[in-house]
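Participant: With the input below, show me the fold.
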Amino acid sequence: MATKIEEFLPDSAFLIDRQAKDWRDAIRLAGKGLEESGFTTSAYTDEMIATVEKMGPYIVIAPGLALAHSRPSEAVLHTGLSWVRLSQAVAFGNKANDPVSLVIGLAGRDENEHLQVMSAIAKALSNPKANAALKSAASAEEIRAILSE
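Facilitator: This is a model prediction of the structure:
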């Protein structure tokens, strides 16, 4: 990735070992991380939830992992990520990959940046060793180090 992972995933974007009562709550947490990092407005969180309501739980892209996102819009101020690890997994309605314990919020300012960030995440998550390390990483620094490898 041309830019540093810290730019897309600052400390304020991490919500580790949080509780969510359902998938909407889990997406709200991801939205909170994006908002608190200055990447989006609260409207983007509503857009992410509306996307799942309209298109189904296709955002659950691997066992236990949801990539919460919506299309680039006025609600996206900067491209960035949030990282939510749930203390208790929740169902999104995706038979193959439920329940979900990791929700990554993705806000893309434009299609190119959106794809650049998604590709870096996909690379890390497709590596079984890195994926296992991410599940037990205790801090923002540790997670960023794994993603940067």
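Participant: Now do the strands in this protein.
Facilitator: Taking DSSP state E as the test, the strands found in the chain are 14-18, 60-62, 65-69, 80-90, 100-107.
Participant: Give the buried residues for the second one.
Facilitator: By neighbour count with 16 or more other C-beta atoms under 10 Å, strand 60-62 contains the buried residues 60, 61. Every C-beta, even on glycine, is put in place using the N, C-alpha and C of the backbone.
Participant: ditto for the first one
Facilitator: Residues 14, 15, 18 are the ones in strand 14-18 that count as buried (16+ other C-beta under 10 Å).
Participant: Kindly state the beta-bridge partners for the second one.
Facilitator: On the basis of DSSP bridges, residue 15 takes part in beta bridges with residue 84.
Participant: still on that earlier bit, of the buried residues of strand 14-18, closest to residue 125?
Facilitator: Nearest to residue 125 out of the buried residues of strand 14-18 is residue 14 (C-beta to C-beta; 16.3 Å).
Participant: isn't that closest one right up against residue 30?
Facilitator: No. Using C-beta atoms under 8 Å, residue 14 is not in contact with residue 30, being 10.9 Å away.
Participant: hey, what's in contact with both of the two?
Facilitator: residue 82 (C-beta atoms under 8 Å, 6 or more residues apart in numbering).
Participant: Need the nearest residue in space to residue 39, chain neighbours excluded.
Facilitator: Leaving aside its sequence neighbours, residue 39 sits nearest to residue 80 (C-beta to C-beta, 6 or more residues apart in numbering; 3.5 Å).
Participant: Hmm, I typed the wrong one, I wanted residue 138.
Facilitator: Of all residues not flanking residue 138 in the chain, residue 16 sits nearest, at 7.6 Å (C-beta to C-beta, 6+ apart).
Participant: list the contacts for the one you found?
Facilitator: Residue 16 neighbours (C-beta under 8 Å, 6+ apart): 83, 85, 138, 139.
Participant: dump the residue contacts of the last one.
Facilitator: What that stands for is residue 139. By C-beta under 8 Å, 6+ apart, the neighbours of residue 139 are residue 16.
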